[in-house]
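Peer 1: what's the 3D shape of this:
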Amino acid sequence: MRITQADRDGVLSPWLPCIVTGQGPDRRQSYALPSVGTFGAAMLDEAGEKGVWLGALWTEVEPPPQEPDAIKPTGDESDGHKHYVVFPDGSAVVYDSDAHHLALTVKGDGAHVSIRSEGTVYIEAGENVTIRAPRIDFNPSEPSTAQTRDQQIEW
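Peer 2: Next up is the predicted model:
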């Protein structure tokens, strides 16, 4: 991370290490360097040659992310148990560790969600599983069966 030093007539700093989140007991870690032009804070030595990027600061132009409309609140938003990742297009990942609730919202024309695994993909629910779409395709790579409560389907 390099910063423009406003108090030094716009001199560009040397490369600075960045402080990251996620080193507490819950180990929530993510990787996302700030975009060019991000307003933030750094701590530098008097010569402006050594230091560390402390992070971005919320502003009126770039306020903190809010819980996306499509994701319903699951608790008191003032608690530190929610982790938000909100992207510029409005797509978001929200995890509430107290409620054990993970929500994913993908927005935009051509929005696409992929789940890929070289091994087994296992989905288990203690309650209902709902799949809703105009069309649902099942494309097994070999002859397969599906068992419902009342019938067996082969394809």
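
Peer 1: which residues in the chain form strands?
Peer 2: 4-5, 11-12, 40-44, 51-56, 82-86, 92-96, 101-105, 145-147, 152-154 (DSSP state E).

Peer 1: how much space is there between the residue nearest the centre of the chain and Val129?
Peer 2: Residue closest to the average C-alpha location in the chain (C-alpha atoms, centre = their mean): Val85, at 3.5 Å. Noted for Val85: a distance of 25 Å to Val129, by C-beta to C-beta, to the nearest Å. For every residue, glycine as well, the C-beta is placed using N, CA and C.

Peer 1: hmm, back to that, okay, now the nearest residue to the residue nearest to the centre of the chain once chain neighbours are set aside: neighbour count?
Peer 2: Of all residues not flanking Val85 in the chain, Val93 sits nearest, at 4.5 Å (C-beta to C-beta, 6 or more residues apart in numbering). Val93 is flanked by 17 other residues according to other C-beta atoms under 10 Å.

Peer 1: same thing with Trp58?
Peer 2: 10.

Peer 1: quick one: the nearest residue to it once chain neighbours are set aside from Ser97, how far?
Peer 2: Excluding the flanking residues, the one nearest Trp58 by C-beta to C-beta, 6+ apart is Pro64, at 5.0 Å. Counting by C-beta to C-beta, the separation of Pro64 from Ser97 is 18 Å.

Peer 1: again, but for His83
Peer 2: In terms of C-beta to C-beta, His83 sits 7 Å off from Ser97.

Peer 1: next: Ala42.
Peer 2: 30 Å.

Peer 1: neighbour count for those two, which is higher?
Peer 2: Neighbour count, other C-beta under 10 Å: between Ala42 and Ser97, Ala42 has more, with 18 against 15.

Peer 1: which ones are touching the more buried one?
Peer 2: 3, 13, 16, 51-54 (C-beta atoms under 8 Å, 6 or more residues apart in numbering).

Peer 1: give me every residue that touches Glu62.
Peer 2: Counting by C-beta under 8 Å, 6+ apart, Glu62 has contacts 38-39, 56.
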